[in-house]
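*Asks:* Got a predicted structure plus its sequence, pasted below:
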Amino acid sequence: MTSRRTIALGMGFAVIATVLSLSDRAPGMVDRIGSALVDGWRRVEIALAIDVEREAIPWTDDVLGHLVLWGGGMVVLGLALRHRHRAGRLAVALFGASLALEVLQALVTASRSLSLADISANAFGIIAGLTVVTAVDLLSSTRSPAQPY
């Protein structure tokens, strides 16, 4: 990946993470998206005659959003930058960025606050993403073109 594409990818993730973290409207938007997804899933349940106990699902929509945002960011950036930077260092940098955005929520927004649950979800998402990046690195190193199968 060229350095321009890598920079654009990094900047794109930074913009998305910043807007979602600092926007006072983001929680409402995430709730509406979550409701639409749940309604769609209920239609699938009815059509297939299956029943899922939602009370048994341990995470809220907000926690899942944090996991997906930061875990997805780790996977995308980790795979894009794996030949230039160590994935562990990138994970630490992403966690630092997530902490900074959480602190900024309390300082610059009217309706958002610092949340330990959000910080934990960010960390778990980054760890899950780091696991994916590490697994891809291990699998790609064991199947390099120079080695016979």
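*Replies:* Sure thing, it's come through.
*Asks:* Please count neighbours and contacts with C-alpha atoms only from this point.
*Replies:* Noted.
*Asks:* what pLDDT does L114 get?
*Replies:* Looking at L114, its pLDDT is 83.
*Asks:* where does this protein have low pLDDT?
*Replies:* 1-2, 24-31, 33-34, 52, 54-59, 142-149 (pLDDT under 70).
*Asks:* now for the biggest helix by length in it, which elements pack on it?
*Replies:* Secondary structure of the chain per DSSP state H: the longest helix is helix 116-142. Applying 3 or more C-alpha pairs under 8 Å, 6 or more residues apart in numbering; DSSP states H and E, one finds that helix 116-142 makes contact with helix 61-80, helix 87-108.
*Asks:* report the angle between the axes of that helix and helix 87-108?
*Replies:* Relative orientation of helix 116-142 and helix 87-108, computed by axes from the mean of the first three to the mean of the last three C-alpha atoms, to 10 degrees: 160 degrees.
*Asks:* Same question for helix 116-142: list its buried residues.
*Replies:* The neighbour-count check on helix 116-142 (16 or more other C-alpha atoms under 10 Å) flags 118-134 as buried.
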